[in-house]
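# Let me see the structure of the following:
(one chain, ligands or ions: 1)
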Amino acid sequence: MINVIGLGYIGLPTALMMASHGVEVIGTDYNKELVDTLNAGKTTFKEDGLDELFAEAVKAGIKFTTEYQKTDMYIVSVPTPYDKFSKKVDACYVVAAVKEVLKVCPDNATIVVESTVSPGTMDKFVRPIVDEFNKSLDLRPSTLDKPSGISLVHAPERIIPGNMVYELLHNNRTIGADSKEIGEKVKQYYASFCQGEIVVTDIRTAEMTKVVENTFRAVNIAFANELARICRHDNMDVYEIIRICNMHPRVNILQPGPGVGGHCISVDPWFLVGDYPSLAKVIDESMRTNDSQPQFVLNRIYEIMEENGITDSSRVGLYGITYKENVDDVRESPTLQMIECQERHLARPLKSFDPFFTDKEIVKNQVLDFDEFLEGIDMVVIMVKHDHIKMNWEKLKGKVILDCHNICPLESVYHI
Ligand code: SAJ
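Below is the predicted model:
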């Protein structure tokens, strides 16, 4: 049996996937409201295929509770926030979860941490608690080759919001363990559903690969954003330039946008900057570029307003609040970053609308109805490329449009 600790964006799909592939699973979360919702037969966020997977898992007997279970394997998928000032990872939730596990688990249990952590976090914060527990059993410390007592594993998640269910099934996985035996044992569980290749390595390497994957993407997006600024300066078409460059067999540039959001690409690379400030120069500069992109778009809005004689910013609206298309996740979203930037300059935030939040207000000045949003504005800024906007181009006719994603087929559209 597996006890999945933390039923958020990663823990829930992982628990459901294992349960629907024949593994006995109990999901634990300290949030009673969340557990009650799941026990009432409802999922807690929107994601393609999640409801179907949930139904299968419930049929297979998955259980949800606020209690930690006594079992031989745990998957910890709790959040790892980072300190905005020091840029270092805060492992407090992982540590708290592991401590709770140690209160109930049998002496030879395996604890798999899926949460993203900076390289060295497992050794620095998690291993000491496990070693202490193992010592108290008078067993060998968990660093030695032969597994004994509690075993520690790091299996970083890799799924992308918006395509989680597919990627859980098909992505290759990395499992970091202290010994091959433990790694292979954990691999068997993941192989119950994962059709990709599962690589077994050591914990430190697994930690580093995860952060490096997200950093690679962040640096590539920063490069695209910088190109957008260069091209804007001299009136060149950045999208056409990237499209042509990407036809070269060894070039693959990502797309510029209004900024980088989400809990991963906009956060993980800072772990490397926080830990290696004098070495991680390219990463540092890339992150600063991405972080300043909402401000760049704000300046662009100002320019376009001037050009079109729009003097009242209450006639400008931001389409999209989530951090990317077709998800309901707003963590670190560029729209929220932009609104925060306006507020910091004592300006009233622009109006905003998001089809994923038509029943609840997330930010100040949010309009809940799309038609009402459009009626109140002369200029619309496409911050997120939800499918919803692609089905509503007709309604945007006659507006001044700043398209931050180059998706709008209408005439005379502005770009970043
Ligand atoms: N973005 C751009 N330009 C692009 C692609 C993305 O500006 O060309 C922006 C998006 O709009 C969004 C942000 O970047 O605001 C991040 O979105 P994303 O789709 O690139 O990635 P995430 O954060 O949803 O998921 C990433 C994935 N990592 C990689 O692709 C290396 C996912 O596989 C990880 O599991 C996830 O981070 C995670 O949890 O670490």
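# Let me see the ranges of the helices in the stretch 51-200 of the chain.
92-104, 121, 127-136, 164-170, 180-191 (DSSP state H, counting those that start in this stretch).
# highest average neighbour count across those helices?
Highest mean neighbour count of the helices of the stretch 51-200 of the chain: helix 121, a mean of 26 (counted as mean count of other CB atoms under 10 Å). In this view, the C-beta of every residue, glycine as well, is placed from N, C-alpha and C.
# Just give the closest residue to residue 334, not the sequence neighbours.
In this structure, residue 334 finds its nearest non-sequential neighbour in residue 259, 3.0 Å apart by CB to CB, 6 or more residues apart in numbering.
# From the ligand, how far out is that neighbour?
In this view, residue 259 and the ligand are 7 Å apart by CB to the nearest ligand atom, to the nearest Å.
# Tabulate the helices of the stretch 51-200 of the chain in TSV, adding columns for mean pLDDT.
TSV is the format used below for the helices of the stretch 51-200 of the chain (pLDDT from 0 to 100):
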stretch	mean pLDDT
helix 92-104	97
helix 121	95
helix 127-136	94
helix 164-170	97
helix 180-191	96
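# near the ligand, which residues of the stretch 301-416 of the chain?
323-324 (CB under 6 Å from any ligand atom).
# repeat for the stretch 1-150 of the chain
Within the stretch 1-150 of the chain, the residues that sit near the ligand (CB under 6 Å from any ligand atom) are residue 116.
# In the stretch 1-150 of the chain, which residue sits closest to the ligand?
For the stretch 1-150 of the chain and the ligand, the shortest gap (CB to the nearest ligand atom) falls at residue 116, measuring 5.5 Å.
# what's the helix or strand bottoming out on mean pLDDT in the chain in contact with?
The weakest-scoring helix or strand in the chain, judged by mean pLDDT, DSSP states H and E, is helix 268-275 (a mean of 92). Helix 268-275 is contacted by residues 82-83, 86-89, 116, 118-120, 210-211, 214-215, 218-219, 280, 283-284, 286-287 when judged by CB atoms under 8 Å, 6 or more residues apart in numbering.
# The residue nearest to residue 334 - how many residues pack around it?
Residue 259 has 27 neighbouring residues, counting by other CB atoms under 10 Å.
# returning to that earlier point: I'd like to know which of the contacts of helix 268-275 are buried.
In those, burial by neighbour count holds for 82, 87, 89, 116, 118-119, 210-211, 214-215, 218-219, 280, 283-284, 286-287, counting by 16 or more other CB atoms under 10 Å.
# pLDDT below threshold where in the stretch 101-250 of the chain?
138-147 (pLDDT under 70).
# now do 80
138-148 (pLDDT under 80).
# picking up where we left off before, so what's the gap between the least confident helix or strand of the chain and the chain middle?
16 Å (CA atoms, centre = their mean, to the nearest Å).
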